[in-house]
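Peer 1: Show me the folded form of this:
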Amino acid sequence: MLIKVFGSAVFGVEATTITVEVNVDKGIGYHLVGLPDKAIQESSYRIAAALKNVGYKLPGKKITLNMAPADMRKEGSAYDLTLALGILIASSQIKAEQIAKYIIMGELSLDGSLQPIKGALPIAIKAREEGFEGFILPSQNAKEAAIVDGLKVYGVDNISQVIDFFDRDIKLEQTIIDTRKEFYKILDHPEFDFADVKGQESIKRCMEIAAAGGHNIILIGPPGSGKTMLSKRLPSILPPMSLKEALETTKIHSVSGRMREHSGLMAERPFRSPHHTISDVALVGGGAYPQPGEISLSHNGVLFLDELPEFKRSVLEVMRQPLEDREVTISRAKFTVTYPSSFMLVASMNPSPGGYFNDPDAPVSSSPAEMQRYLSKISGPLLDRIDIHIEVTPVPFEKLTDARKAESSVEIRKRVTKAREVQTERFKDLDTIHYNAQMGVRQIREYCKLDEASMQLLKSAMERLNLSARAYDRILKVARTIADLEASDEVTGTHISEAIQYRSLDREGWLG
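Peer 2: Numbers count the residues shown, from 1 in each chain. All right, here's what the predicted structure looks like:
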């Protein structure tokens, strides 16, 4: 008897429906074809034990299973449940007249219970697109899949529940979640809050500007000055994600298997902080079966690189194109996958190998030559993609012991969100530009026009401070964001003056 059961394969962040054809005939043998990987080939042992432990058996006949399309590589153990049900139906052990209306996925344990799978959200989206009525999957992934409207999602704990659903018409409990309620419930209670940070008002202002315009930022300062503490709080002042952004972000984390069990839509912007020993592939994505890297897991959020000069130069250089294109494409001989990677880069570093400025009272001092050699580990092209450079100094004792509460992240985010709304309106006719940091030369010339006095101020500052040519456009972008925070249509000399302060590494004596 021949039967067809439907599963799904995930490539990149998109899913493709897989038709599992099962034929049970006279003879003996178990033949699994259709380019399965080792994990799928081993499924026969898991299926045999699971069926026996729930009162069924693997038939002693010739079983042929084909995973179509047969020329597409299949990977992972998530097809166990699909294959097991196909075998039971094809061997007439159960009846399942409605099986073709469902996508079925799940990894089997030997006792028949189900383990979670990767990519539940993109699979659910594809199932709805192709007109399937429902999606049966492990209960740990049910909330994630239930984000998709118009698809019945059934979370199950054991294969026997699925058998009873099809063979005995015993109803399964449908997983239903209120997507909007899930999305908004934690927005006003961030885990890390700027109210916890004592002093550093100028750095908080800098962070607010970076968040408002989506600007990449680098913090330079000695150990203990608060660089990491400030960076961890940046996501809390970024504008809330739209539902579209939340879906995109959840898809990427779903594909990589990073979703927490029984979790639904991701409402918080991601914050990724890889160690400096990370490899090129781990950062940008790849592998024999391409998986998203840290830059894609940071999509719509923040990628924090602590101690930037300690990262391998090759690792930092592979970020240059994704920073510009906001996506990364991984090519293999037979296929290509593209992962989105629109993130804010936040980097921190010490100004010298010893960690301190030219301070005679510092416990470790470095010569100007050592400082220059240390700072030169960061290439000009990478630095060119970082709009804001800011020096962070240690907090004095008086500020540390100040009992007054600082401004909260929620208050700062209100101003940031208002500035982003101005930018959204400004760039509404442009598909690739949504905020100031993404502006090209044409948009800078159009939206950052200066009067004569402001132009002279900028010219004078560039000459006096020996600012490099690449600093010109960056200063204008940042000045435009400062103007947006003040609800100003024009970029004035005051905005230019503040923006000039945020180009420390372009000054002579840093990176020249």
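
Peer 1: quick one: residue 502 and residue 390 touch, right?
Peer 2: Yes: the criterion here is Cβ atoms under 8 Å, and residue 502 meets it with residue 390 at 5.8 Å. (Glycine included, C-beta is placed from N, CA and C.)

Peer 1: Identify the contacts common to these two.
Peer 2: The contact sets of residue 502 and residue 390 overlap at residue 206 (Cβ atoms under 8 Å, 6 or more residues apart in numbering).

Peer 1: And the residue nearest the centre of the protein?
Peer 2: Centroid-nearest residue in the chain: residue 297, 2.6 Å away (criterion: Cα atoms, centre = their mean).

Peer 1: mind checking the backbone torsions on it?
Peer 2: As for residue 297, its main-chain torsions (degrees, to the nearest 10) stand at phi -70, psi -20.

Peer 1: contacting residues around it?
Peer 2: Residue 297 makes contact with 252, 253, 256, 258, 270, 272, according to Cβ under 8 Å, 6+ apart.

Peer 1: and the residue nearest to residue 76 when sequence neighbours are not counted, helix, strand or coil?
Peer 2: Closest residue to residue 76 apart from its sequence neighbours, by Cβ to Cβ, 6 or more residues apart in numbering: residue 39 at 5.7 Å. State at residue 39, reduced to three classes by DSSP: H, G, I helix; E, B strand; the rest coil: helix.

Peer 1: quick one: pLDDT of residue 39?
Peer 2: According to the prediction, residue 39 has pLDDT 95.

Peer 1: Contacts only, for it.
Peer 2: So residue 39 contacts 75, 76, 77 (Cβ under 8 Å, 6+ apart).

Peer 1: Could you give the number of residues near the last one?
Peer 2: Read it as residue 77. 19 (other Cβ atoms under 10 Å).

Peer 1: who's in contact with it?
Peer 2: Counted by Cβ under 8 Å, 6+ apart, residue 77 has contacts 39, 40, 42, 43, 46, 107, 115.

Peer 1: how far out from the middle of the chain is stretch 99-112?
Peer 2: Centroid displacement of stretch 99-112 relative to its chain, using Cα atoms, centre = their mean, to the nearest Å, is 28 Å.

Peer 1: mind listing what's buried in that stretch?
Peer 2: 99, 102, 103, 104, 105, 106, 107, 108, 109, 112 (16 or more other Cβ atoms under 10 Å).

Peer 1: Look up the residues forming beta bridges with the third one.
Peer 2: This means residue 103. residue 6, residue 135 (DSSP bridges).

Peer 1: From residue 126, how far out is it?
Peer 2: Going from residue 103 to residue 126 by Cβ to Cβ, to the nearest Å gives 8 Å.

Peer 1: list residues touching both of those two?
Peer 2: Joint contacts of residue 103 and residue 126 (Cβ under 8 Å, 6+ apart) are 8, 17.

Peer 1: Next, count neighbours for residue 347.
Peer 2: With other Cβ under 10 Å as criterion, residue 347 counts 25.

Peer 1: sorry, back to before: I'd like the distance between the residue nearest to the centre of the chain and residue 245.
Peer 2: Taken as Cβ to Cβ, the span from residue 297 to residue 245 is 14 Å.

Peer 1: wait, doesn't residue 280 sit right on residue 313?
Peer 2: No: with contact defined as Cβ under 8 Å, residue 280 does not count as touching residue 313 (10.6 Å).

Peer 1: neighbour-wise, which of those two wins?
Peer 2: Set side by side, residue 280 and residue 313 show more neighbours around residue 280, with 16 against 11, by other Cβ under 10 Å.
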